[in-house]
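Novice: Next one to model:
(chains A and B)
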Protein chains: 2
Amino acid sequence: MIPKSHPRYESLMTREKIIDGVKRGITSMQGLIAEGRGEAFDYLMGEKTTKTALEAEKVAASLLLLAGRPVISVNGNAAALVPDELIKLGEAVNAPLEVNLFHRTEGRVNMIIEHLRSRGARSIYTKSDAFIPGIEHERAKVDSDGIFNADVVLVPLEDGDRCKALADMGKRVIAIDLNPLSRTARTAHITVVDNVMRAVPNITGFALDMKLSEKEALQKTVREFDNSENLARSIDELTAHLRSIRK
Amino acid sequence: MIPKSHPRYESLMTREKIIDGVKRGITSMQGLIAEGRGEAFDYLMGEKTTKTALEAEKVAASLLLLAGRPVISVNGNAAALVPDELIKLGEAVNAPLEVNLFHRTEGRVNMIIEHLRSRGARSIYTKSDAFIPGIEHERAKVDSDGIFNADVVLVPLEDGDRCKALADMGKRVIAIDLNPLSRTARTAHITVVDNVMRAVPNITGFALDMKLSEKEALQKTVREFDNSENLARSIDELTAHLRSIRK
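Specialist: Numbers count the residues shown, from 1 in each chain, chains lettered A, B, ... in the order given. Down below sits the predicted model:
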């Protein structure tokens, strides 16, 4: 047990949540390391949603609302940290979920599907009958009706190779990634540089707000967004925050 | 298995090493998250030993050579990543090792002691009959002849609270920590902002070079070192590297 007196109590508690995911067979050990990397970037950003991230979140919501066949990809970290939030987002934008693991085993896939169902998820793609071209066999498995067929995919915490492979298939990719310099961040069409625990509810909030907007207004929001410029601003915010805490 | 074609193959392999530590009962799952945080900072520093870090490593070697009762603290991550390197450093500066875990269980302590012995460590403090004042019971346990009695302690990857408690006992603390902003980094007397896999062999190299130096020369090296100034430079290097990869 972490003593409540510990100055980093909250951050340590988040860690317990993801460690619990590992113990339940949902999260991989590599996922724990990824969580640590995210923690470091979140810390360097000031552990808050920046204005830049909020803009990307609004555009992400617009693109999801415009999509014809949107899918929300769920990995082991997302399943441990934001299962309810992803289900709510899926309902808000009519996007089914699909479990998609970097360290894939069918056992873990099924465990996460069960976990999401027990939380109330009703729409989940569960087949693994298609392959994303250009990446190694096990990591390429997807549902032919789901990610394989999607026009827009939201990937929280995705590997760079797979993000690129999805983009190469012609899909529009929305990534949530706290590292604004990662290959995933640079490859996605919309990169939300924010903690997944803040990003997902924010995107849902925007989606609910804009649900009744004109299609043209949503298209304009997406069209006017420049991901490289947004990423460059995230990096500037990071360096500015670093300078401010240096003192 | 990670395919060799993956662009981050080496970094992924380091991860496998520490995951192996978890599987063998040496490293804690919290240690995996800590590894991820370190990875992020290492990445932001350019995954190399900076000039600033090299200076701190030289001073660390000098202080270890000057110490009357130096001890090298070994946690679960250090035991998985640099067991041989820590044994060599201990031999170079006549510093016994002591296993000191943040998430302490006697089982894990004993497993790491056995691991270090099987690697050739001959001098290890193994009692847990004394307590560092001011921190929670389990985390405070140390050997009365070892860390409790030491004048200089090297702590790779230490918790901020414990680092402060050791300094409050009047010990000189050398920390290896990739986050130049962490409480550990700010509390230690000498903070080496470098990857433990590069830092430990570097400190050993300096110690072997300076072993026959005059005591006065070593004292001068230590006296002239300003840790806050060294840390500030590390942060500057981090922001400079960030700016350079932003392009």
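Novice: The closest residue to chain B within chain A: how many residues sit nearby?
Specialist: At 2.2 Å from chain B, residue A:36 is the closest residue in chain A, using C-beta to the nearest C-beta. Placement of C-beta: from N, CA and C, glycine included. Residue A:36 is flanked by 22 other residues according to other C-beta atoms under 10 Å in any protein chain shown.
Novice: low-scoring stretches of chain A, by residue?
Specialist: Scanning chain A for pLDDT under 70 picks out A:1-2, A:6-8, A:10, A:247.
Novice: Give me every residue in it lying close to chain B.
Specialist: Contact residues (C-beta under 8 Å from any C-beta of the partner chain) of chain A with chain B: A:3, A:5-8, A:15, A:18-19, A:22, A:29-30, A:32-41, A:43-44, A:136, A:160-161, A:179, A:181, A:183, A:232, A:235-236, A:238-239, A:242-243, A:245-246.
Novice: and the residues you listed, which are buried?
Specialist: Using 16 or more other C-beta atoms under 10 Å in any protein chain shown as the burial test, those include A:6, A:8, A:15, A:18-19, A:22, A:29-30, A:32-41, A:43-44, A:160-161, A:179, A:181, A:183, A:235-236, A:238-239, A:242 as buried.
Novice: picking up where we left off before, identify those among the residues of chain A next to chain B that sit within helices.
Specialist: A:15, A:18-19, A:22, A:29-30, A:32-41, A:43-44, A:160-161, A:183, A:232, A:235-236, A:238-239, A:242-243, A:245-246 (DSSP state H).
Novice: didn't residue A:146 look like it was pressed against residue A:96?
Specialist: Yes. Residue A:146 is within contact range of residue A:96, at 6.6 Å (criterion: C-beta atoms under 8 Å).
Novice: Identify the contacts common to these two.
Specialist: Listed contacts common to residue A:146 and residue A:96 are A:71, A:125; contacts here mean C-beta atoms under 8 Å, 6 or more residues apart in numbering or on different chains.
Novice: for chain A, which residue is closest to the average position?
Specialist: Relative to the mean C-alpha position of chain A, the nearest C-alpha, by C-alpha atoms, centre = their mean, is the one of residue A:156, at 1.5 Å.
Novice: quick one: contacts for the residue of chain A closest to chain B?
Specialist: Contact analysis of residue A:36 by C-beta under 8 Å, 6+ apart lists B:32-40.
Novice: and with 7 Å instead?
Specialist: Applying C-beta atoms under 7 Å, 6 or more residues apart in numbering or on different chains to residue A:36 gives the contacts B:32-37.
Novice: for these, which one is nearest chain A?
Specialist: Nearest to chain A among the contacts of residue A:36, with distances taken as C-beta to the nearest C-beta, is residue B:36, at 2.2 Å.
Novice: Can you tell me, leaving aside adjacent residues, what's nearest to the closest one?
Specialist: Nearest residue to residue B:36, sequence neighbours excluded (C-beta to C-beta, 6 or more residues apart in numbering or on different chains): residue A:36, at 2.2 Å.
Novice: before we move on, what about residue A:44?
Specialist: Residue A:44 sits nearest to residue A:238 (C-beta to C-beta, 6+ apart), 5.5 Å away.
Novice: cool, and residue A:48?
Specialist: In space, residue A:48 is closest to residue A:198, 7.9 Å off (C-beta to C-beta, 6+ apart).
Novice: I figured residue A:188 hits residue A:162, correct?
Specialist: No. Using C-beta atoms under 7 Å as the test, residue A:188 is too far from residue A:162 to be in contact (11.0 Å).
Novice: May I have the residues that are in contact with residue A:125?
Specialist: Taking C-beta under 7 Å, 6+ apart, we find residue A:125 in contact with A:71, A:96, A:98, A:143, A:145-146.
Novice: got it, and residue A:162?
Specialist: When contacts are counted by C-beta under 7 Å, 6+ apart, residue A:162 touches A:132, A:135, A:139.
Novice: With respect to residue A:150, which of those residues is nearest?
Specialist: Using C-beta to C-beta, the shortest approach to residue A:150 within the contacts of residue A:162 belongs to residue A:132, at 11.0 Å.
Novice: Most neighbours among the contacts of residue A:125, which one is it?
Specialist: Of those, residue A:71 is surrounded by the most neighbours, 29 neighbours in total, counting by other C-beta under 10 Å.
Novice: Helix or strand: which one has that residue?
Specialist: Using DSSP states H and E, residue A:71 maps to strand A:70-74.
Novice: Now that strand: buried residues?
Specialist: Neighbour counts over strand A:70-74 (16+ other C-beta under 10 Å) mark A:70-74 as buried.
Novice: likewise stretch A:117-128?
Specialist: By 16+ other C-beta under 10 Å, the buried positions in stretch A:117-128 come out as A:121, A:124-125, A:128.
Novice: Need the residues that contact the strand holding residue A:71.
Specialist: A:64, A:86, A:89-90, A:93, A:95-100, A:112, A:116, A:125, A:146-147, A:150, A:152-155.
Novice: mind checking how far the helix or strand just after that strand is from the chain centre?
Specialist: Sequence-wise, the next helix or strand downstream of strand A:70-74 (DSSP H and E) is helix A:76-81. Computed by C-alpha atoms, centre = their mean, to the nearest Å, the separation of helix A:76-81 from the middle of its chain amounts to 10 Å.
Novice: likewise stretch A:104-119?
Specialist: Worked out by C-alpha atoms, centre = their mean, stretch A:104-119 lies 17 Å from the chain centre.
Novice: now what about that stretch, what contacts it?
Specialist: Here stretch A:104-119 makes contact (C-beta under 7 Å, 6+ apart) with A:25-26, A:74, A:76, A:79, A:83-84, A:87, A:97, A:99, A:101, A:124, A:126, A:138-139, A:141.
Novice: From the residues you listed, which land in helices?
Specialist: Among the contacts of stretch A:104-119, DSSP H puts A:76, A:79, A:83-84, A:87, A:138-139 in helices.
Novice: hang on, isn't residue A:45 packed against residue A:236?
Specialist: No. Using C-beta under 7 Å, residue A:45 is not in contact with residue A:236, being 11.3 Å away.
Novice: residues bridging contact with the two, i.e. touching both?
Specialist: Counting by C-beta under 7 Å, 6+ apart, residue A:45 and residue A:236 have no contacts in common.
Novice: hang on, isn't residue A:235 packed against residue B:244?
Specialist: No. Residue A:235 is not in contact with residue B:244 according to C-beta under 7 Å; the separation is 11.0 Å.
Novice: can you pull the contacts of residue A:175?
Specialist: Contact partners of residue A:175, counting by C-beta under 7 Å, 6+ apart, are A:155, A:158, A:163, A:184-185, A:188, A:191-192.
Novice: so which of these is the most crowded?
Specialist: Among these, residue A:192 has the most neighbours (other C-beta under 10 Å), with 32 neighbours.
Novice: you'd agree that one is up against residue A:58?
Specialist: No. If you go by C-beta under 7 Å, residue A:192 and residue A:58 don't touch, sitting 9.9 Å apart.
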